[in-house]
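[1] model this:
(chains A and B)
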Amino acid sequence: MTKSYRLILVLTATAILSGLLLSFLNIHTLPLIEAYQKQVLNDALSGVLPGSVKIEEKIFDNQQLYFGYNQKQQLQGIAFLAEGNGFQSKLRILVGMDPGLSTITKIKILEQKETPGLGTKIESDPSSKTDVEWFPNQFDKLNAGKSLSYVKNQKPDKSAGEIMAITGATISSKAVIDIINAALQNTRKILSNHTDLSIAECTDDAVFNEEGFDPQLLPRGAEMIKTDNKIFLLNKDRQGAVSDVSFIASGEGFQSTLKIVVCMNSDFTRIKSLEILEQDETPGWGTRVISDTTRTDEQWFLKQFQNLNVATGTIRVGATANRQDGIVQTISGATISSEAIINILNVAIKEYRAAYLNRKVN
Amino acid sequence: MATKKSYAGEFLKGLWDENPVLRMQLGLCPTLAVTNSAINGFSMGLAVIFTLVMSSTIISLARNIIPKEVRIPTFIIVIATFVTIADKMLAAYFPDISKALGPFVPLIVVNCIIMGRQEAFASKNPVGRAIIDALGMSIGFTITLTILGSIRELLGVGTIFAVQIMPSSFEPWMVMVLQPGAFLTLGLMIGVANWINARRTK
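    From the prediction side, this is the model:
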């Protein structure tokens, strides 16, 4: 009897000591391990969502989505985790895309244990003399309008969503594509069920280029209309109603032509935001309209226009700014540039308001 | 325990005469699995050194308390505790190595070398001898794995510890870093060890 007590006692004591030691260890190592995993993910996220300064994580139906915003709180891109089976291991891939989910920005293979020397080339290929990451880099700016596919022994067509498969690792290459395709489809489904997530408040200035705008980059939920030779970009909300309208206003500044992306509410009574697309004003003086280094808030001038009431018809200059009355301050040392912007806006808003409100709705 | 060896003898037997991999063919699963590069073999060896020395110390100290009937469960709890410590420490301080070794660190728990040394040696010898024996065995294991990993890495990738050795014209033998390369290299190494021993005993 005493013998069996001794057996129980020794085993119990060993187990308790072991448990205590391990829980103590866990308290110390867990924060380090989690910090490392978080850092790996953050590094990967800033890699696949370039230009984003703030990244928000949201989880829907087991799909992790990451929304990247720039300094002005505009949606720059969406990243998601794609997981699935490769040739012999589980693959975890982080995919960064434009807000409209039409083009891949960049991908990052987070986890793979494929065949060394063959399947591992999906992450890096030491045998390549030019670019060891040639395989993942193929996904940069890859059109994902249709499903991705792979080709062999011929040049892939990026605009058709094609990439080159790895010789000797076709199954791993195909797995990467299949996993991304499946996750992309899933992400699209989630976003169409939550349209409020996908619509950017005001169209990003990246959509506009020198000719006006790039239809390839049209964000999700946005629509382009042309009326009276004027181009408008409309963002729509969940019910399909127009939430804001963007257009380009241009005119002469102090010494250069200014191009300004104006985003307004749908009845043209309020400016939502302004973005200077192009300017070549006097450095240090006229350039203060976009960045005034004499102030702590370098963008104070443009910020005055946010939520500015223009129902009265014109924006006016005043000693103190007042959003409700449509009054803004000019920049000392750049009065002509400031006034030029206000004049350009006054003219453009009048013209575009008339064209937009009188458009033929079909 | 027919003959009592000197401390030096206890240590040296692990390096050659009773080398766990080459002579006793113990712990072959991690040996084959992780030695696709020198650094992986070496890191695995370090994890085994830590686990074996710590487990042998504890088991040897507690050898008179542990009842014979429950010695195996006790050994396993002690070994598993130290393996978990090694695994967590690697993950916290050397995440890259931890990632490369993958599931093989937790699997040290069932590495026969460690269990074998507790049963055959640590539970029957004073703590000083047990530590010397554990050091000899685990260092012998580490050296073997490092050599095995170096040969495979040299022929399979052209480097040792990620340092380029082979000229750039060398076409890597991919098979050496794959599973068959592990069997080929280990088989040849055991063969060479047997051949040397056979010559010595003549």
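[2] top helix in chain B by residue count?
    Longest helix of chain B, by residue count under DSSP state H: helix B:127-156.
[3] tell me what it is packed against?
    helix B:7-15, helix B:28-34, helix B:38-61, helix B:112-120, strand B:159-160, helix B:179-201 (3 or more C-beta pairs under 8 Å, 6 or more residues apart in numbering or on different chains; DSSP states H and E). To be clear about C-beta, it is placed using only N, CA and C from the backbone, and glycine gets the same treatment.
[4] Would you mind pulling the contact partners of the shortest one?
    Spelled out, it's strand B:159-160. Residues outside strand B:159-160 that contact it (C-beta atoms under 8 Å, 6 or more residues apart in numbering or on different chains) are B:38, B:150, B:153-154, B:165-166.
[5] Beyond that strand, next helix or strand please.
    Next helix or strand after strand B:159-160 toward the C-terminus (DSSP states H and E): strand B:163-164.
[6] Just name the most buried of the helices and strands packed on helix B:127-156.
    helix B:38-61 (a mean of 23; mean count of other C-beta atoms under 10 Å in any protein chain shown).
[7] Any idea how many residues pack against residue 126?
    By default, I'm working from chain A. 12 (other C-beta atoms under 10 Å in any protein chain shown).
[8] right idea, wrong chain: chain B
    Per other C-beta under 10 Å, the neighbour tally for residue B:126 reads 11.
[9] Same question for residue B:143.
    For residue B:143, the neighbour count with other C-beta under 10 Å is 19.
[10] Now it: closest residue in space that isn't a chain neighbour?
    Using C-beta to C-beta, 6 or more residues apart in numbering or on different chains and skipping the chain neighbours, the partner closest in space to residue B:143 is residue B:15 (6.9 Å).
[11] tell me which residues of the longest helix of chain B are tucked away?
    Neighbour-count burial for helix B:127-156 flags B:127, B:129-156 (criterion: 16 or more other C-beta atoms under 10 Å in any protein chain shown).
[12] Which residue ranges make up each domain of chain A?
    A:40-192, A:214-357 (automatic domain parsing).
[13] tell me the centre residue of chain B?
    residue B:141 (3.3 Å; C-alpha atoms, centre = their mean).
[14] List the contacts of it.
    Per C-beta under 8 Å, 6+ apart, neighbours of residue B:141: B:14, B:19-21, B:27, B:45, B:48-49, B:113.
[15] Residue B:20 too?
    By C-beta under 8 Å, 6+ apart, residue B:20 lies in contact with B:14, B:26-27, B:113, B:116, B:137, B:140-141, B:144.
[16] okay, now the closest residue to residue A:318 other than its chain neighbours: neighbour count?
    Spatially, and ignoring its direct neighbours in sequence, residue A:318 is nearest to residue A:327 (3.8 Å; C-beta to C-beta, 6+ apart). The tally of other residues near residue A:327 (other C-beta under 10 Å) stands at 18.
[17] dump the residue contacts of residue A:327.
    For residue A:327, the contacting residues are A:315-318, A:320-321, by C-beta under 8 Å, 6+ apart.
[18] Next, format the contacts of residue B:141 as a markdown table and append pLDDT.
    Output for the contacts of residue B:141, formatted as a markdown table (pLDDT from 0 to 100):
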| residue | pLDDT |
| --- | --- |
| B:14 | 84 |
| B:19 | 88 |
| B:20 | 87 |
| B:21 | 88 |
| B:27 | 86 |
| B:45 | 92 |
| B:48 | 92 |
| B:49 | 94 |
| B:113 | 89 |
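[19] Residues of chain B that sit close to chain A?
    Within chain B, the positions adjacent to chain A are B:36, B:65-67, B:69-70, B:73-74, B:77-78, B:80-81, B:84-85, B:88-89, B:91-93, B:95, B:102, B:156-157, B:172, B:174, B:177-178 by C-beta under 8 Å from any C-beta of the partner chain.
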